[in-house]
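A.B. asks: Next input, structure requested:
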Amino acid sequence: FLSLYILTAPGAIHESDGLSMYEVTKSIVEYHDFSVPEGEVTGTEGLDHRNYSPYGIGQSIFAVPLYVLGKALSSFVDIEPRFLIKFVVSMFSPIVTAFTCVLIYKLGRKFDYSIKISAILSLTYGLATMAWAYSKMFFSEPLLNLFILSSVYFIIGLGSLFLIEALVRY
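C.D. replies: Predicted coordinates for the structure are as follows:
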């Protein structure tokens, strides 16, 4: 999945929502701040009269390691740093979506589905839903999907632990 998503990714951030979240990521790393430059993206003026993205900061915070990686790579590669950094950050959604496909497979196995059925579930999610389309954009939906499914996965794990404990007691 990761190979497929990276091969089909545009390698840039084009949509205004994604650009807004990218600017927050950049601001976190470069200026240790959550505000974004006025005029760069559509934002909301805060009480301190600075411009803020209308989107949550979760996506931006989780993209910080990729921003730092892109910045580090820019000193070794002869590419304009702002393009390389944006390219590396744009790989966030393909990586997260690929992890989600793996998690769906693991959820199938946790529900005692066969390897074949779990693989079909994962392939269906990864290839036949909006997941592939969202992997090409720097939107928060792939991260949201990963977290929701991770919650389900761990709740099921905790539930089985409590069930085993209850069975042992009685």
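A.B. asks: Distance of the residue nearest to the spatial centre of the chain relative to I117?
C.D. replies: In the chain, the centroid-proximal residue (C-alpha atoms, centre = their mean) is L143; its distance is 3.8 Å. According to C-beta to C-beta, to the nearest Å, L143 and I117 sit 26 Å apart. Just so you know, the C-beta spots here come from the backbone N, C-alpha and C atoms, and that holds for glycine as well.
A.B. asks: Could you pull up the residues touching L2?
C.D. replies: Contacts for L2 were tallied using C-beta atoms under 8 Å, 6 or more residues apart in numbering; they are P94, I95, A98.
A.B. asks: Which residue is the nearest non-sequential neighbour of the first one?
C.D. replies: For P94, the nearest residue in space outside its immediate sequence neighbours is Y5; the separation is 3.5 Å by C-beta to C-beta, 6 or more residues apart in numbering.
A.B. asks: element containing that neighbour, please.
C.D. replies: Per DSSP states H and E, Y5 falls inside helix 2-8.
A.B. asks: Show the residue spans covered by the strands in this protein.
C.D. replies: Secondary structure of the chain (DSSP state E): strands at 44-45, 51-52.
A.B. asks: Mean neighbour count, these: which tops it?
C.D. replies: Most buried of those, by mean neighbour count (mean count of other C-beta atoms under 10 Å): strand 51-52, with a mean of 20.
A.B. asks: Where does the prediction get shaky in the chain?
C.D. replies: Counting by pLDDT under 70, the chain has low-confidence residues at 40, 160-170.
A.B. asks: Many thanks, I have nothing further to ask.
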